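J.: show me how the following folds:
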Amino acid sequence: MANKSNPGDNRTRSSVSIFIVVGLCCFFYILGAWQKSGFGKGDSIALEITKQTDCSVSPNLSFDTKHGGEAGAAIDESDSNPKVFDPCDADYTDYTPCQDQKRAMTFPRENMNYRERHCPPQEEKLHCLIPAPKGYVTPFPWPKSRDYVPFANAPYKSLTVEKAVQNWIQYEGNVFRFPGGGTQFPQGADKYIDQLASVIPIKNGTVRTALDTGCGVASWGAYLLKRNVIAMSFAPRDSHEAQVQFALERGVPAVIGVLGTIKVPYPSRAFDMAHCSRCLIPWGANDGMYMMEVDRVLRPGGYWVLSGPPINWKVNYKAWQRPMEELQEEQRKIEEVAKQLCWEKQSEKGEIAIWRKRVNADSCPGRGDSYSTCEARNPDDAWYKKMETCVTPYPEVNSPDEVAGGELKPFPERLNAVPPRISSGSVPGISVESYLEDNKLWKKHVKAYKKVNPILDTGRYRNILDMNAGLGSFAAAIESSKLWVMNVMPTIAEKDTLGVIFQRGLIGIYHDWCEAFSTYPRTYDLIHANGVFSLYKNKCNAEDILLEMDRILRPEGAVIFRDEVDVLIKVKKIASGMRWNLKLVDHEDGPLVPEKILVAVKQYWVVGDNNSTSSQ
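T.: Numbering: from 1, shown residues only. Below is the predicted model of the structure:
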């Protein structure tokens, strides 16, 4: 496809431009149908059919010269002489810039520091396109993708050998199969979750967001999804080869991450449940610092699950091949820290222990007596902040039974209910009225997106990234069992609303788009970029951001940009050299609105292709 030009590419270019989007709409529709098998490489075929197809979509695509640049001049929308980006070397197929193995080994191993984010300086950033491996194919649609991943997409067999007896993953011909097992749940994740659900209120929507530390291939998170619980899973880069990559190929939320020396990139009181299944984190070490970090991100009344060593050391110390005394001391430290944090043990049965965090400080006046209270004024301030051995204070309450920080409604009611952080006035500048208006606005925007891209909610896009999530209203508007959204809160955003997003029952993460995202290449099917390039104007290079978007976007994946027209013209010029097909369309309210929509589709190409890198 890369050698073919877009339909309508020989259009007249002038200060008054007319863009034809009918072909693009048809393209999305036909491409979605072509790829339902999970093995489509259908871009070129789809475009050939598109040329002969009338999708009966009315174009609404002109914009006026009054949308000039900063000086009010008419915009030169020509794509003359765009920079052409070449493919990177084949060695970079799975490149993760901020978790690069060679760079990681230059950092201290103490407390897993070397496994944390260590991003390349500007002069070392790649300015080429990360190639897909030979044979790369579109993943299976959900829920089939939960159980099967094409071998060509992540061609690494080490886990099939290393975890052969633990029911993690099996290699079968040209696919990997994930039986749903794990080290601590050999009978399958479903039965394991049933055990948890006998203690934790998973069925009624009380528990919606979960954190899985040391997730493996994220089978726990994968099987929670059908119970309407969404887990943020993380594991280090290549402790076991490609585990996070496998999770994302399966269509399960996951990021590369580790509990080391810096805080996890989530706000306080974010998760309803946290989980460790033989995750090998030394919970009792460093005076319980890692448990204190879990306490920071666990909402009042939330649950912490620990399975595997050292739980039930009396029975299993021989199986775990560790001295009984060592396991006994490890559990003693964990119990001691949990007591200081005022977590109440709900259950210990077999190899699973479950604690519950108290709902407020009044219910446990002795909380943290042996530790200092964290002095940071903002417990949500986590980006590159060092973990501390201190206890995060609860928000104040007015009665002994009040849930600190506000009681949450069960999911899905909480998705559109007013979050307590909004109703309490905890987010300056955002009222209940503005929150409700934002919800209404994004329902309108998403409705318009579906007209431009009719396959938006068909299941074609499973992993979705919102680069500037705001209040999470985009994700709420497209909420579906067919997809999930990673809501990113830029660290330079004027208002930090990530805590609001979690209170809605959605997941997200802090990130600075001047750096690479903590994920493998080709892990998102659709990227939404609302105001991102206006936000980062004069902060960092737009080219670097676009190249990072290309790295994490799947072949034949899509991008929806929403921004001021002059910004999008510049973005379009850069992106025209990136093997993307691009169309600029009007705001749904008409051509006089200066905000526009730029829609892109990444072409299919793999390592070794000699295709032209320009879509012009």
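J.: contacts and neighbour counts: CA atoms only from here.
T.: Fine.
J.: domain map for this structure?
T.: 187-357, 412-602 (the TED database).
J.: go through those domains and name the closest to residue 399.
T.: domain 187-357 (14.5 Å; C-alpha to C-alpha).
J.: contacts for whichever strand or helix holds residue 509?
T.: Using DSSP states H and E, residue 509 maps to strand 507-511. With contact meaning C-alpha atoms under 8 Å, 6 or more residues apart in numbering, strand 507-511 is reached by 209, 230-232, 265-266, 383, 485-491, 498, 501-502, 517.
J.: recalculate using a threshold of 7 Å.
T.: Under the contact criterion C-alpha atoms under 7 Å, 6 or more residues apart in numbering, strand 507-511 has outside partners 209, 232, 265-266, 383, 486-491, 498, 501.
J.: and the lengthiest helix in the chain, average pLDDT?
T.: Criterion DSSP state H: the longest helix present in the chain is helix 432-452. Average pLDDT, helix 432-452: 97.
J.: how about stretch 271-278?
T.: On average, stretch 271-278 scores 96.
J.: how about residues contacting that stretch?
T.: In contact with stretch 271-278 (C-alpha under 7 Å, 6+ apart) are residues 184, 207-214, 297-299, 302-309.
J.: with just CA atoms, put that stretch into CSV.
T.: Output in CSV follows, covering the C-alpha atoms of stretch 271-278 (Å, rounded to 0.1, in the frame of the first residue of the first chain):
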residue,chain,number,x,y,z
PHE,A,271,-7.6,1.6,43.0
ASP,A,272,-10.4,-0.4,44.5
MET,A,273,-8.1,-3.5,44.7
ALA,A,274,-4.4,-4.2,44.5
HIS,A,275,-3.0,-7.7,43.8
CYS,A,276,0.3,-9.6,43.9
SER,A,277,0.4,-13.2,42.8
ARG,A,278,3.9,-14.4,43.5
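J.: so how far is it off the chain centroid?
T.: Put simply, stretch 271-278 sits 18 Å off its chain's centre (C-alpha atoms, centre = their mean, to the nearest Å).
J.: lowest-pLDDT helix or strand in this protein?
T.: Lowest by mean pLDDT, DSSP states H and E among the helices and strands of the chain is strand 62-63, with a mean of 30.
J.: show the subsequent helix or strand relative to that one.
T.: Strand 62-63 is succeeded, C-terminally, by helix 101-104 (DSSP H and E).
J.: shouldn't residue 465 be within a strand?
T.: Yes - assessed by DSSP: H, G, I helix; E, B strand; the rest coil, residue 465 belongs to a strand.
J.: wait, it touches residue 484, no?
T.: No - the criterion here is C-alpha atoms under 7 Å, and residue 465 misses it with residue 484 at 8.5 Å.
J.: before we move on, back to that, show me what the longest helix of the chain is packed up against.
T.: helix 473-477 (3 or more C-alpha pairs under 7 Å, 6 or more residues apart in numbering; DSSP states H and E).
J.: go again with 8 Å.
T.: helix 22-34, helix 420-423, helix 473-477 (3 or more C-alpha pairs under 8 Å, 6 or more residues apart in numbering; DSSP states H and E).
J.: next helix or strand past the longest strand anywhere in the chain?
T.: Assignment by DSSP state E gives strand 553-564 as the longest strand of the chain. Going down the chain from strand 553-564, the next helix or strand is helix 565-575, by DSSP H and E.
J.: what angle do that following helix and strand 553-564 make?
T.: Computed by axes from the mean of the first three to the mean of the last three C-alpha atoms, to 10 degrees, the angle separating helix 565-575 from strand 553-564 equals 160 degrees.
J.: now helix 565-575: average pLDDT?
T.: Helix 565-575 comes out at a mean pLDDT of 97.
J.: need the least confident one among the helices and strands packed on helix 432-452, by mean pLDDT.
T.: Taking the mean pLDDT of those, helix 22-34 comes last: a mean of 49.
J.: tell me who's in contact with the most centrally placed residue in the chain.
T.: Centroid-nearest residue in the chain, with C-alpha atoms, centre = their mean: residue 486, separated by 3.4 Å. Residues near residue 486 by C-alpha under 8 Å, 6+ apart: 253, 463-466, 507-509.
J.: how about those residues, which pair is most distant?
T.: 463 and 509 (14.7 Å).
J.: relative to whichever helix or strand residue 171 is part of, what are the paired strands and their orientations?
T.: Per DSSP H and E, residue 171 falls inside strand 170-172. Under the criterion DSSP bridges, strand 170-172 sits next to strand 175-177 (antiparallel) in its sheet.
J.: restrict stretch 353-371 to CA atoms and write it as CSV.
T.: In CSV, the C-alpha atoms belonging to stretch 353-371 read as follows (Å, rounded to 0.1, in the frame of the first residue of the first chain):
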residue,chain,number,x,y,z
ALA,A,353,-4.3,-13.6,52.1
ILE,A,354,-6.7,-10.6,51.8
TRP,A,355,-6.5,-7.3,53.7
ARG,A,356,-8.9,-4.4,53.7
LYS,A,357,-7.8,-0.8,54.1
ARG,A,358,-9.9,1.1,56.7
VAL,A,359,-12.4,3.6,55.4
ASN,A,360,-11.0,6.6,57.4
ALA,A,361,-8.4,7.6,60.0
ASP,A,362,-11.0,7.7,62.8
SER,A,363,-11.6,4.0,62.4
CYS,A,364,-7.9,3.4,63.3
PRO,A,365,-6.5,6.1,65.6
GLY,A,366,-3.1,4.2,65.9
ARG,A,367,-2.5,4.2,62.1
GLY,A,368,1.2,4.9,61.4
ASP,A,369,2.3,5.4,65.0
SER,A,370,5.6,3.7,64.2
TYR,A,371,6.1,5.7,60.9
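J.: start the count at 15 instead of 1 going forward.
T.: New numbering, starting at 15: the last item is stretch 367-385.
J.: what residues does that stretch touch?
T.: 309, 312-321, 325, 353-362, 403-405, 407-411, 414-418.
J.: kindly provide the distance from the closest residue to residue 417 other than its chain neighbours to residue 446.
T.: Distances taken as C-alpha to C-alpha, 6 or more residues apart in numbering place residue 373 nearest to residue 417, at 5.0 Å, with adjacent residues excluded. For residue 373, the distance to residue 446 (C-alpha to C-alpha, to the nearest Å) stands at 24 Å.
J.: which of those two has more neighbours?
T.: The residue with more neighbours, out of residue 373 and residue 446, is residue 373; 24 against 16, by other C-alpha atoms under 10 Å.
J.: does the more buried one belong to a helix or a strand, and which?
T.: Short version, using DSSP H and E: residue 373 is in no helix or strand.
J.: residue 318 now?
T.: Short version, using DSSP H and E: residue 318 is in strand 312-321.
J.: and the pLDDT at residue 83?
T.: 35.
J.: just residue 68 next, same as before
T.: 36.
J.: and what of residue 72?
T.: 32.
J.: ok, now residue 430?
T.: 97.
J.: nearest residue to it other than its sequence neighbours?
T.: Residue 430 sits nearest to residue 518 (C-alpha to C-alpha, 6+ apart), 6.8 Å away.
J.: check the gap between the one you found and residue 203 for me.
T.: From residue 518 to residue 203 the distance is 26 Å (C-alpha to C-alpha).
J.: looking at these two, which one has more neighbours?
T.: residue 518 (28 against 22).
J.: so who does residue 559 touch?
T.: 527-529.
J.: then residue 410?
T.: 374-375, 418-419.
J.: can I get those residues in JSON lines with secondary structure and pLDDT?
T.: Output for the contacts of residue 410, formatted as JSON lines (DSSP: H, G, I helix; E, B strand; the rest coil; pLDDT from 0 to 100):
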{"residue": "374", "secondary structure": "coil", "pLDDT": "96"}
{"residue": "375", "secondary structure": "helix", "pLDDT": "93"}
{"residue": "418", "secondary structure": "coil", "pLDDT": "97"}
{"residue": "419", "secondary structure": "coil", "pLDDT": "97"}
